[in-house]
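Trainee: Can you look at this prediction? I've put the sequence above it.
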Amino acid sequence: MRISYKPLFTIECLHGYFADRVCRTLTLNPTAAGARLCERHRLRFRAFRGGGTVYYDESAANLMRLRGETSPLAFALTSIDPLFGIYTDDVGSAGAAPGATVRYFSNAEGHMADVNGQRRALLHPPGRPFAQPPLMVRSSRFSYRFDQPVQAVLLQVLNGGGQPVWQTRTPEFEVRDWPVDLRGQPDGRYRLLIAERPAGDFYLSDAAVVRQWGVVEVFTKDIDNHPTFTISFASRGTVWRYYIFDQPPGPSSYSSYEVVGVRKRSGGADGASNSDIRFAKHPETVTVNGRTAFVFESRQTLPLAEVPNDDDYLFSFRPNGGSERGGRPVKLPFAQPTGTKIDATHEDAARMCSEIFVYL
């Protein structure tokens, strides 16, 4: 008997850093629990750069059983680029999650938004892929430590659907921690309640998550017409700082030059380019490795980009910003993630700065 497979849904990861918007540095594969669910319902998964597609056979009975599942299809997101957290705008959070936590995305809340000119179903709130903090990963048996000793308090664990799956009451005498046993429960997101009050969400899994950056859960109840679920990341904006080194020795022939960033495409409705980037020149030169450099810093944050494209800026080093004749303009390189770090010279401890060194 020949089985014909059709696409059920697709998951894609987009990123403003890359020229084609495909986040190829995140790979997607079913978790162990997700693979078991795929096998039970005769599903097939095919990965591609920055995502993957789940296929089902055309048997209506299989699809009906799948839509009756209360457990979601779970996928592991793995980051293969150590610089992902550098060029990704993560609203001040820690970029890639630590080994004992995972980033969590799901279709449970049904977010929709326009991304790259298309209406898309998002796995996170619009414009906020890191709206939720990383989830701590718990094994099926763990010990929960209270902030302070408690006695005769009710502990409950709810599954992703809000249904209680485990509960107990601590003894009449004071205890500081208490065991939680969730053996037999499927992997997924859970919520712990203490005295009927939320005490934090966690992700249940006995699998090692050292290299797992995040997890995607797709609830199949309402899936129809091959939807595409999207995770959309923005490129991090940083302050760009150019260090311009003149040819030694002798007096500089570039002391009156300025750094100017000009948008390649016109930014104004009247055809005028009114969105040029201005740089402030530091009053004093600096010495780096025995060589003197002029320092220019952007007056606003600029996004990092994999490669320049038609919507990016042309940065150049010009005589008085190009207002005077004479002298040759020098085309400047773009900032790179490898040169981006916390700006130790600024009072804002979270400000990121991209240093670009230019030797004339």
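Mentor: It's in. Residues are numbered from 1 along each chain as shown.
Trainee: mind checking the backbone torsions on Leu37?
Mentor: Main-chain dihedrals, Leu37, degrees, to the nearest 10: phi -70, psi -40.
Trainee: ok, it - contacts?
Mentor: Pro30, Leu43, Glu69, Ser71, Leu73, Ala74 (Cβ atoms under 8 Å, 6 or more residues apart in numbering). From N, CA and C alone the C-beta is placed, and that goes for glycine too.
Trainee: From these, list the buried ones, please.
Mentor: Pro30, Leu43, Ser71, Leu73, Ala74 (16 or more other Cβ atoms under 10 Å).
Trainee: hang on, the earlier thing: same list, the contacts of Leu37, but as TSV with secondary structure please.
Mentor: Below are the contacts of Leu37 laid out as TSV (DSSP: H, G, I helix; E, B strand; the rest coil):
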residue	secondary structure
Pro30	strand
Leu43	strand
Glu69	coil
Ser71	coil
Leu73	strand
Ala74	strand
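Trainee: measure Phe105 to Ala207 for me?
Mentor: Remark: distance between Phe105 and Ala207 (Cβ to Cβ, to the nearest Å) = 18 Å.
Trainee: again but with Asn62, I slipped
Mentor: Asn62 is 26 Å from Ala207, by Cβ to Cβ.
Trainee: go on, Leu28?
Mentor: 16 Å.
Trainee: in the sheet, who's paired with Tyr5?
Mentor: Note on Tyr5: beta-bridge partners Asp57, judged by DSSP bridges.
Trainee: For Pro303, list each beta-bridge partner.
Mentor: Bridge pairing for Pro303 - DSSP bridges - gives Gly237.
Trainee: all strands of the stretch 251-360 of the chain, in order?
Mentor: For the stretch 251-360 of the chain, the strands defined by DSSP state E, counting those that start in this stretch cover 257-263, 277-281, 286-288, 291-298, 302-303, 313-319, 330-331, 340-342, 352-359.
Trainee: Quick check: which helices or strands does the first one pack against?
Mentor: Contact partners of strand 257-263 among helices and strands, from 3 or more Cβ pairs under 8 Å, 6 or more residues apart in numbering; DSSP states H and E: strand 237-245, strand 277-281, strand 291-298, strand 313-319.
Trainee: Name the strands paired with it and say parallel or antiparallel.
Mentor: In the sheet, strand 257-263 lines up with strand 277-281 (antiparallel), strand 313-319 (antiparallel) (DSSP bridges).
Trainee: just to revisit the earlier point, which of Asn62 and Ala207 has more residues huddled nearby?
Mentor: Per other Cβ atoms under 10 Å, whichever of Asn62 and Ala207 has more neighbours is Asn62, with 16 against 12.
Trainee: Helix or strand: which one has the more buried one?
Mentor: Asn62 is part of helix 60-67 when elements are defined by DSSP states H and E.
Trainee: buried stuff in that helix?
Mentor: Asn62, Leu63, Leu66.
Trainee: State the distance from the residue nearest the centre of the chain to Cys13.
Mentor: In the chain, the centroid-proximal residue (Cα atoms, centre = their mean) is Phe233; its distance is 5.2 Å. Phe233 sits 7 Å away from Cys13, taking Cβ to Cβ as the criterion.
Trainee: For the stretch 1-150 of the chain, give me the ranges with low pLDDT.
Mentor: Within the stretch 1-150 of the chain, the stretches with pLDDT under 70 are 1-3, 60-61, 91-99.
Trainee: Could I get the full set of helices for it?
Mentor: Taking DSSP state H, counting those that start in this stretch, the helices of the stretch 1-150 of the chain run over residues 32-40, 60-67, 84-87.
Trainee: Turn the ones you listed into TSV, including distance to Thr53.
Mentor: Formatted as TSV, the helices of the stretch 1-150 of the chain follow (distance: least, Cβ to Cβ, whole Å):
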stretch	distance to Thr53
helix 32-40	12
helix 60-67	15
helix 84-87	23
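Trainee: and of those, who's closest to Ser252?
Mentor: helix 84-87 (32.5 Å; Cβ to Cβ).
Trainee: follow-up on the earlier one: okay if I get the strands of the stretch 251-360 of the chain as a markdown table plus mean pLDDT and mean neighbour count?
Mentor: Output for the strands of the stretch 251-360 of the chain, formatted as a markdown table (pLDDT from 0 to 100; neighbours: other Cβ atoms under 10 Å):
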| stretch | mean pLDDT | mean neighbour count |
| --- | --- | --- |
| strand 257-263 | 86 | 21 |
| strand 277-281 | 90 | 16 |
| strand 286-288 | 89 | 11 |
| strand 291-298 | 92 | 19 |
| strand 302-303 | 90 | 18 |
| strand 313-319 | 84 | 19 |
| strand 330-331 | 87 | 12 |
| strand 340-342 | 92 | 15 |
| strand 352-359 | 94 | 18 |
